[in-house]
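*Asks:* Return atomic coordinates for the entry below.
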Amino acid sequence: MAATPVPTTEVITNGPSRITVERTTAPTEIVTSDAKLMVFDINDPSISPANFDQAHGAPLRVLHSPSAKLDVSKRSHEDMGFWHRSVDHTEVIFCVKGALRWETEIGTHVLKPGEALVIPRGIAHRSALDAESGEENILLEFKIADDVEYVGPQGAVKS
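*Replies:* Presented below is the predicted three-dimensional model:
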């Protein structure tokens, strides 16, 4: 198979602005000394809340910034034994493995692999095991302080 040419077009984004730059070569050097790629495997057993098999199991925080956080949740044996309400963050929950039923003040949905659920800030919710839950249910929970607006394809959102 022939080698694919390395693109030389670079698109720089800043909010809604997009600038396209034609380069003579592909980027090859680090721009800042603090820049680094981070890779972690959410299937790694060490990335698991210590109390994942208990009703009060809290997710494990893996990334943190003032405006966004990323938690890994691995609920497998117990329903969330309480309601939770975040007044400072919208929660975007991605199901990676298994399935969990999410009960909220504004509706209920069984979240399956590949699906994302957006729970607006201020809405009470809880997760519970479902007939479709597996031995291990893995979720990524993004907590976002900024307002969140869906801008994807029309008709792709289930209600």
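*Asks:* residue ranges with poor pLDDT in this structure?
*Replies:* Scanning the chain for pLDDT under 70 picks out 28-32, 51-57, 159.
*Asks:* Let me see the ranges of the helices in it.
*Replies:* Remark: no helices are assigned in the chain by DSSP state H.
*Asks:* from what I can see G122 touches D88, true?
*Replies:* No. Using C-beta atoms under 8 Å, G122 makes no contact with D88, being 9.2 Å away. The way it works is simple: take the backbone N, C-alpha and C, and place the C-beta from them, glycine included.
*Asks:* Between those two, which is the more surrounded one?
*Replies:* Ranked by neighbour count (other C-beta atoms under 10 Å), G122 and D88 place G122 first, with 12 against 9.
*Asks:* Check the gap between the more buried one and A128 for me.
*Replies:* 21 Å (C-beta to C-beta, to the nearest Å).
*Asks:* check contacts around E135.
*Replies:* Residues counted as contacts of E135 (C-beta atoms under 8 Å, 6 or more residues apart in numbering) are S76, G98.
*Asks:* Please report how far it lies from E10.
*Replies:* From E135 to E10 the distance is 45 Å (C-beta to C-beta).
*Asks:* And G155, by the same measure?
*Replies:* Counting by C-beta to C-beta, the gap from G155 to E10 is 32 Å.
*Asks:* Repeat that for E105.
*Replies:* Counting by C-beta to C-beta - E105 and E10 are separated by 45 Å.
*Asks:* and if you look at K112?
*Replies:* Taking C-beta to C-beta, one finds K112 at 37 Å from E10.
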